[in-house]
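A.B. asks: got a predicted model here, sequence first, then my questions.
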Amino acid sequence: MSMDRRQFIKIAGISTVLGFGGTLGLSKLKDSWASEMLQSPEALNAKHWAMVIDVKKLTSEEHYDKAISACHRAHNVPNIGNPKEEVKWLWKETYEHAFPGMEQEYMPEGIKHKPFLLLCNHCENPPCVRVCPTKATFKRESDGIVMQDMHRCIGCRFCMAACPFGARSFNWRDPRPFIKEQDENKEFPTRTKGVVEKCTFCYERLAKGEMPACVEAVKDTKALVFGDLSDPNSEVRKILSTHYSIRRKPELGTQPSVYYLIGGEENA
Ligand code: SF4
Ligand code: SF4
């Protein structure tokens, strides 16, 4: 689900009027859930996790399929087979849909028609967090990941309406019959009907010292780079300070943590 700027401002306003801005006294719940996630000594840590996607390095359908299926397998994302009920954490979109208003007639054909990998942007200023009445979605203060606690989700879908990037999916039906037994990751929970879900920057893999599944799946391309935006020596910072990058819908002020390189080295 996507929304235009007017709808976005409206929902942001409603959330403020209703007082869903974090004053419901549920912060204790949030803290307890966050502390339940145990970290191994090998855990990867950052003050602000971010991803850079160099679209020119994704040169074949296989690259996209590998990244998407690695994510969806790792997280038991069901394959419903009906676009209206689709559940997606990582998906492909055209430039004009990914970056509406940023297209122009004379842009390179290669970019105009290239698929872009989209996911939750883990916004610095996430409207989905502001509208959630139960704090099922919250921003982890330690590293900026916008988390989704499926157990606390009541299915109101306010977060879906508030997200201007269509990054969240709703389980209209029980997802379990749509996960093939041979594909199921027994180490990651499955969801239930009536629950919202999205990419969580693979917090569970980071806690074990592993990179996100999508990054790992296409690591030979070096197209997806994940790291600490607050560290000037991190690869993401080095790339962003030497290459021109864009983010989705910057005019909304959500400050995405996912950056796209569209021109490669020649635009450095
Ligand atoms: S992309 Fe959408 S779901 Fe993800 S943090 Fe931003 S507003 Fe929330
Ligand atoms: S970071 Fe993890 S959860 Fe997010 S799209 Fe990549 S594999 Fe999926």
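C.D. replies: Done, it's in. Ligands and ions are numbered 1, 2, ... in the order given.
A.B. asks: every contact and neighbour count from this point should use C-alpha atoms.
C.D. replies: OK.
A.B. asks: interface residues of the protein facing ligand 1?
C.D. replies: Within the chain, the positions lying close to ligand 1 (C-alpha under 6 Å from any ligand atom) are 120-123, 126-128, 146, 163-165, 167-168.
A.B. asks: show me which of the residues you listed is closest to ligand 2.
C.D. replies: Nearest to ligand 2 out of those is Cys120 (C-alpha to the nearest ligand atom; 7.0 Å).
A.B. asks: surely that closest one is in a helix?
C.D. replies: No: read with DSSP: H, G, I helix; E, B strand; the rest coil, Cys120 is coil and lies in no helix.
A.B. asks: so which residues of the protein form helices?
C.D. replies: Under the criterion DSSP state H, the chain contains helices at 5-17, 27-36, 61-74, 95-98, 109-112, 127-131, 158-162, 203-206, 213-217, 235-242.
A.B. asks: remind me which residues of the stretch 1-150 of the chain are low pLDDT?
C.D. replies: Scanning the stretch 1-150 of the chain with the threshold set as pLDDT under 70 gives 1-39.
A.B. asks: ok, which residues in it are in contact with ligand 2?
C.D. replies: Listed as neighbours of ligand 2 in the stretch 1-150 of the chain under the rule C-alpha under 6 Å from any ligand atom: 71, 89-90, 119.
A.B. asks: turn those into a markdown table, including neighbour count.
C.D. replies: Conversion of these to a markdown table gives the following (neighbours: other C-alpha atoms under 10 Å):
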| residue | neighbour count |
| --- | --- |
| Cys71 | 25 |
| Trp89 | 20 |
| Leu90 | 21 |
| Leu119 | 20 |
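A.B. asks: for ligand 1, what's its nearest residue on the stretch 151-268 of the chain.
C.D. replies: Cys163 (3.9 Å).
A.B. asks: please report how far Glu134 lies from Phe165.
C.D. replies: Residue 134: Thr, not Glu. Here the distance between Thr134 and Phe165 works out to 21 Å (C-alpha to C-alpha, to the nearest Å).
A.B. asks: again with Leu118
C.D. replies: For Leu118, the distance to Phe165 - C-alpha to C-alpha - is 9 Å.
A.B. asks: same question, Lys238
C.D. replies: For Lys238, the distance to Phe165 equals 26 Å [C-alpha to C-alpha].
A.B. asks: of these two, which one has the most company?
C.D. replies: Using other C-alpha atoms under 10 Å as the criterion, Lys238 and Phe165 rank with Phe165 on top: 21 against 13.
A.B. asks: local confidence estimate at that one?
C.D. replies: Phe165 carries a pLDDT value of 98.
A.B. asks: please apply the same query to Asn267.
C.D. replies: Reading off the model, Asn267 has pLDDT 44.
A.B. asks: circling back: neighbours of the residue of the stretch 151-268 of the chain closest to ligand 1, how many?
C.D. replies: Count around Cys163 with other C-alpha under 10 Å applied: 25.
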